[in-house]
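Student: for reference, the sequence and a predicted model appear below.
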Amino acid sequence: MLEALTSVKRYLADGLPADLAVGLAIAAVALPSQMATAELAGFPPAMGLIAFAAAMTGVSAIGANRFVVACADSTIAPIFASGLAGFAVAGTPAYLALSAFFAVIVGGLLLGCGLFRMGWLADLISRPVTIGFLAAIACHIVISQLPPLLGIEASNGSLPREILAVIRRLPDANPYSLMLGLGVFAVAIVAEWISPRIPGALIGNAAAAAAVYQFDLVREGVGVLGPTALEFPRLQFPLIGIDDLVQTAPLAFVTTAIILVQTAATSRAFPPVKGESARINRDFAGMGAANVMAGLFGTFPVDASPPLSGLAAQTGGRSKLAGLTAATLVLGMAAFGTPLLATVPMAGLAGTLLFVATRIILLDEMNTILWRAPGEFVLILVTFTAILLLPVGSGVAIGIVLSLLHGIWSMARPRLLIFERVPGTSIWWPPEHGFRGETLEGVLVLGFQAPLSFLNAYPFQESARQALRQSGVRPELIVLEASSIIEIDFTAAQILIEFIMECQQSRIRFAIARLESVRAAQAFERFGITEAIGESHFFHSVDEAIKALGKNPKKTNEFPEKPV
């Protein structure tokens with residue numbers, strides 16, 4: 001009891017002030033970005049503040065990582081906004097209800113992923129596909145914000161049509177709006193360069209609002225938020241028709257997949273304790289609760305925010321109270337501070353989103369992939385192009401499929417290696433640049449550095465047969481170095497047994513060395529491979545197998561009986 005009281009006293013003295021300061025910093029950065037993202041999602045800007053407060057309440061209640069900030073996110077906003085616009089006009093009551101219900105559905109899927117420990121799903125999308133996706137979303141954000149930045153009328157339609165509409169209306173651009181938007185963008189860039197803790201976007205928008213008020217720029221055609229009559233939403237379950245549910249289901253799965261990836265990446269990037277593994281499944285559940293809360297309060301889907309989460313980690317948040325403090329401050333602004341937002345220019349919010357867009361284009365990683373893995377750079381280009389030219393949901397789905405196909409392609413193309421012995425040792429090693437090993441007459445040591453499955457079983461068989469043909473003198477012994485075969489399925493097992501039978505029929509002994517995987521060893525037993533080879537032909541090392549079965553092998557169990 002005394003120890004608990006001491007801990008509470010220590011937190012009140014040190015931890016509480018730190019959490020309050022972190023909460024203030026998060027709220028200052030979140031205010032302009034949440035309003036801008038809400039506008040991007042087709043909602044009144046002030047609803048972004050409600051979404052933030054609801055999301056932080058949900059993720060704080062269930063999530064594991066105290067640094068993860070859930071909020072309205074510009075990564076997913078263009079995706080669900082463009083998808084839902086096909087079922088209801090943005091800004092209408094039907095659209096708002098559909099978005100809220102959509103958030104609840106996405107939240108339910110995320111809760112299910114956390115409950116059933118499906119954290120591995122986040123690993124199905126490769127890094128190049130993710131980078132291409134983020135770059136395309138950044139372009140969508142930039143193009144969608146050009147009308148408010150230039151002070152011209154927005155146009156709905158495909159991305160090329162939006163670009164053409166902007167070009168046609170360039171002569172009507174408002175120079176004051178452009179200067180205000182670029183000014184906010186510049187302040188945010190400089191503030192981040194000085195310190196990520198400085199709320200540059202908030203400072204820039206405050207200065208822009210002051211300029212609008214001081215110089216009466218509304219008379220010059222500058223668009224502003226104007227009076228915001230925000231009716232505080234009540235906690236209620238949004239209702240839509242069954243047809244809308246069925247039609248939006250594919251979009252819900254795509255949105256959920258993106259949130260899974262971003263949540264996992266954010267949680268792993270900012271661990272509460274260095275050296276500890278992220279508790280991904282619980283964080284998925286926390287993000288699910290955040291989306292459910294956002295939907296129940298009548299807003300839209302939310303996501304983990306890498307920038308805000310990074311701010312929470314860098315400024316030293318001690319507990320989840322930091323996030324709840326930020327939620328309270330933002331909620332207070334939504335309830336009592338909306339008159340202060342009346343003169344915030346729409347161009348300022350556009351400048352905020354332009355800043356956000358520049359943060360999610362990962363040019364350094366693109367350059368690295370281009371020079372080190374040109375084949376994977378193609379994945380970036382294809383994903384980027386698909387999301388730009390097709391509906392966003394379809395483009396994202398193509399990116400996910402490409403990621404899975406690339407993984408399957410990689411697994412299906414491992415090389416069968418002929419191992420060589422390191423001179424003067426008993427170590428057998430795969431050939432590599434600069435290494436010249438030695439071989440033994442009559443002995444062929446093969447290695448397959450991948451799980452054996454139906455994806456690569458036939459290439460394995462053909463490569464093994466080719467190695468046998470190219471060996472010159474027929475070997476007396478083949479040793480399969482199996483340290484990298486961590487799993488084998490039924491199809492691959494039958495192919496391996498077939499090759500073993502071919503060797504035995506040609507009077508070639510066959511042995512397995514270093515089968516270290518427990519799962520693979522159990523599969524060898526279950527599928528009859530052990531019976532086909534014989535238990536005495538399994539060894540802890542290649543050298544042990546050669547000594548037992550090489551030039552002067554033991555006569556017992558030289559060729560095991562073939563399985564019935």
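Tutor: Great, that's in hand.

Student: nearest residue to residue 95 other than its sequence neighbours?
Tutor: Closest residue to residue 95 apart from its sequence neighbours, by C-beta to C-beta, 6 or more residues apart in numbering: residue 88 at 3.9 Å. C-betas here are computed from N, CA, C, even on glycine.

Student: for residue 118, grab the count of nearby residues.
Tutor: Per other C-beta atoms under 10 Å, the neighbour tally for residue 118 reads 16.

Student: to clarify, my last question referred to residue 150.
Tutor: A count of nearby residues for residue 150, using other C-beta under 10 Å, gives 20.

Student: can you list phi and psi of it for me?
Tutor: When quoted as degrees, to the nearest 10, the phi and psi of residue 150 stand at phi -90, psi -10.

Student: what about the residue nearest to it when sequence neighbours are not counted, distance to residue 46?
Tutor: Counting by C-beta to C-beta, 6+ apart, residue 173 is the residue found nearest to residue 150 once chain neighbours are left out, at 4.1 Å. Separation of residue 173 from residue 46 (C-beta to C-beta, to the nearest Å): 27 Å.

Student: the two - which one has more neighbours?
Tutor: For residue 173 versus residue 46, the count of surrounding residues by other C-beta under 10 Å is larger for residue 46: 21 against 16.

Student: these two touch, right, that one and residue 341?
Tutor: Yes - applying C-beta atoms under 8 Å as the test, residue 46 and residue 341 come out as touching, 6.9 Å apart.

Student: shouldn't the residue nearest to residue 95 be within a strand?
Tutor: No - residue assignment for residue 88, taken from DSSP: H, G, I helix; E, B strand; the rest coil, gives coil, which places it outside any strand.

Student: okay, now it: neighbour count?
Tutor: Close neighbours of residue 88, defined as other C-beta under 10 Å, add up to 18.

Student: any idea how far residue 326 is from it?
Tutor: Taken as C-beta to C-beta, the spacing of residue 88 relative to residue 326 amounts to 31 Å.

Student: find the centremost residue of the protein, please.
Tutor: Centroid check for the chain by C-alpha atoms, centre = their mean gives residue 261 as the closest residue, at 2.4 Å.

Student: element containing that one?
Tutor: Counting by DSSP states H and E, the secondary-structure element that holds residue 261 is helix 242-269.

Student: what stretches of the stretch 201-350 of the chain score poorly on pLDDT?
Tutor: Applying pLDDT under 70 to the predicted model, the residue ranges of the stretch 201-350 of the chain that meet it are 228-232, 274-277, 314-317.

Student: and with 50 instead?
Tutor: For the stretch 201-350 of the chain, not a single residue meets the criterion pLDDT under 50.

Student: about what we covered before: surely the residue nearest to the centre of the chain is in contact with residue 125?
Tutor: Yes - Residue 261 sits in contact with residue 125 when judged by C-beta under 8 Å, with a separation of 5.2 Å.

Student: if we can go back for a sec, output the contacting helices and strands for whatever helix or strand comes next after the helix holding residue 261.
Tutor: Once helix 242-269 ends, the next helix or strand along the chain (criterion: DSSP H and E) is helix 280-296. Other helices and strands packing on helix 280-296, by 3 or more C-beta pairs under 8 Å, 6 or more residues apart in numbering; DSSP states H and E, are helix 47-62, strand 70-71, helix 93-115, helix 242-269, strand 303-304.

Student: go through the ones you listed and name the closest to residue 516.
Tutor: Distances from residue 516 to each of the helices and strands packed on helix 280-296 were compared by C-beta to C-beta, and the smallest falls on helix 242-269, at 27.6 Å.

Student: got the buried residues for the helix or strand that contains residue 525?
Tutor: If you go by DSSP H and E, residue 525 is part of helix 518-526. In terms of neighbour count (16 or more other C-beta atoms under 10 Å), helix 518-526 has its buried residues at 520-521, 523-524.

Student: out of the helices and strands packed on helix 280-296, which is closest to residue 218?
Tutor: Taking C-beta to C-beta, helix 47-62 is the member of the helices and strands packed on helix 280-296 nearest to residue 218, at 22.3 Å.

Student: for the closest one, name the packing helices and strands.
Tutor: Packed against helix 47-62, as judged by 3+ C-beta pairs under 8 Å, 6+ apart, are the following elements: helix 16-40, strand 70-71, helix 280-296, helix 321-336.

Student: show the average pLDDT along the shortest one.
Tutor: Average pLDDT, strand 70-71: 94.

Student: one more: the first one?
Tutor: When pLDDT is averaged over helix 16-40, the result is 82.

Student: coming back round to it: run through the residues that contact the residue nearest to the centre of the chain.
Tutor: Taking C-beta atoms under 8 Å, 6 or more residues apart in numbering as the definition of contact, the neighbours of residue 261 are 122, 125, 130.

Student: now those residues as a markdown table including neighbour count and pLDDT?
Tutor: Below are these laid out as a markdown table (neighbours: other C-beta atoms under 10 Å; pLDDT from 0 to 100):
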| residue | neighbour count | pLDDT |
| --- | --- | --- |
| 122 | 21 | 73 |
| 125 | 23 | 75 |
| 130 | 21 | 79 |
